[in-house]
Each structure stands twice: as C-alpha cells, then as structure tokens.
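Chemist: sequence below, structure please.
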Amino acid sequence: MVINDGIISVPIRVVTGIRQVDGDSDGLSDAEEAKYGTNPQLPDSDADGTSDGDEVYSGANPNGSGDLDLVRVSEIIVNNAGRKATVTWKTSPITDGTLQWGPTESYGQYLSDFLVTGSHRISNDITESGKTYHFSIKSCLQDGRCFATQDFTYTAQ
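Modeler: Presented below is the predicted three-dimensional model:
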C-alpha cells in the first residue's frame, strides 16, 4: 500500500508539568518566542489578526506570510504479511522517527527508530490478519520541534 506523497504535517504541542512564562499570553512561551523570532511582548508579532501561538501550531509563519519550515514526510509505504507490518517513509529535513499505531486513533503503541536520518523503517510484530490498524508518523527535529502526520489506516493481511 502506498499513501500519497505530500502529507501536511503540523507541530505537536507537548505540554509538560513545568510552567513556562508567556508574557503576552499568545500561547507561546517566551522561550518559544525566542526560538521563532517573535516578539514576547506582542501576542500577534506580524499584526495579521492571528496570535503567534495559533500561527505556529497551525504551521503558519508568525512573522509574516507563508509557512514555517515544517518537516515533509513522503513516500509512506506499508508492507504487511502475516503478523508483521513494516512502515517505511522519508523525511526532509532529517529527523528521528516514531510510528504511533493501534486499533483506534488513540493508537496506544509507539515504536521509535531513534535515528536522525531521512529514511525510516519500523516494523511491528503484533498485527492480526483482517484487522484494520490506525497509524501516524511523528518526527522530531534536532532542535526539539516535533511534527505528526494525519491518521492513516491499513488492513493487516
């Protein structure tokens, strides 16, 4: 099974137990504002009517027009036989790779390749013939920003 190239990926917001300062209440911490080059005193640095946080987490550029430099995930292929499914994909720029999968969109299973590369391959050994599985690919850049694809499905053979 080959899934169309050109998946739209958006940043995943990771919430931790550590409270971070967000001086302008735009949804980006002051540290994130420094990372994206936005003004930590203005909730909408480019004055386009959308907060910096909303723009970053939708993949838009908070400093003007266009998109952020997101991860491009392409050439997703699922090969499955028996009780094993192997998912391969490419990322640009290079990232690590995690396959989130399970019987529902809640996934529940996570397998990582722990490699920072442009080509990824992860296999799972616990598929049941005839059963449909959901999966998503999560990729993190070396600077810590993470992105995930939309939900996909495959039926185990």
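Chemist: for the residue nearest to residue 81 when sequence neighbours are not counted, what are its contacts?
Modeler: Using CB to CB, 6 or more residues apart in numbering and skipping the chain neighbours, the partner closest in space to residue 81 is residue 157 (5.9 Å). Heads up, the C-betas are built off the backbone N, CA and C, glycines and all. By CB atoms under 8 Å, 6 or more residues apart in numbering, the contact list for residue 157 reads 80-82, 129.
Chemist: and residue 82, by the same measure?
Modeler: The contact partners of residue 82, taken as CB under 8 Å, 6+ apart, are 129, 157.
Chemist: okay, it and residue 157: tell me how far apart.
Modeler: According to CB to CB, to the nearest Å, residue 82 stands 8 Å off from residue 157.
Chemist: which among the contacts of residue 157 end up buried?
Modeler: Buried residues within these, counting neighbours by 16 or more other CB atoms under 10 Å: residue 80.
Chemist: where's the dip in pLDDT among the contacts of residue 157?
Modeler: Across these, the bottom pLDDT score, 72, is held by residue 82.
Chemist: so what's the residue nearest to residue 81 scoring on pLDDT?
Modeler: Residue 157 is assigned a pLDDT of 81 by the prediction.
Chemist: list the buried ones in the helix or strand containing residue 99?
Modeler: Here residue 99, judged by DSSP states H and E, is contained in strand 98-102. By 16+ other CB under 10 Å, the buried positions in strand 98-102 come out as 98-101.
Chemist: try stretch 75-87
Modeler: 76, 78, 80, 85, 87.
Chemist: only C-alpha atoms, please: export it in PDB.
Modeler: Presented in PDB, the C-alpha positions along stretch 75-87 are these (Å, rounded to 0.1, in the frame of the first residue of the first chain):
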ATOM      1  CA  GLU A  75       6.900   8.000   0.300                       C
ATOM      2  CA  ILE A  76       5.000   6.300   3.100                       C
ATOM      3  CA  ILE A  77       4.700   2.600   2.300                       C
ATOM      4  CA  VAL A  78       3.100  -0.200   4.400                       C
ATOM      5  CA  ASN A  79       4.100  -3.700   3.700                       C
ATOM      6  CA  ASN A  80       2.300  -6.300   5.700                       C
ATOM      7  CA  ALA A  81       2.300 -10.100   5.700                       C
ATOM      8  CA  GLY A  82       1.200 -12.500   8.400                       C
ATOM      9  CA  ARG A  83       1.600 -10.900  11.800                       C
ATOM     10  CA  LYS A  84       4.200  -8.300  10.800                       C
ATOM     11  CA  ALA A  85       3.700  -4.800   9.200                       C
ATOM     12  CA  THR A  86       6.600  -2.600   8.200                       C
ATOM     13  CA  VAL A  87       6.200   1.100   7.600                       C
END
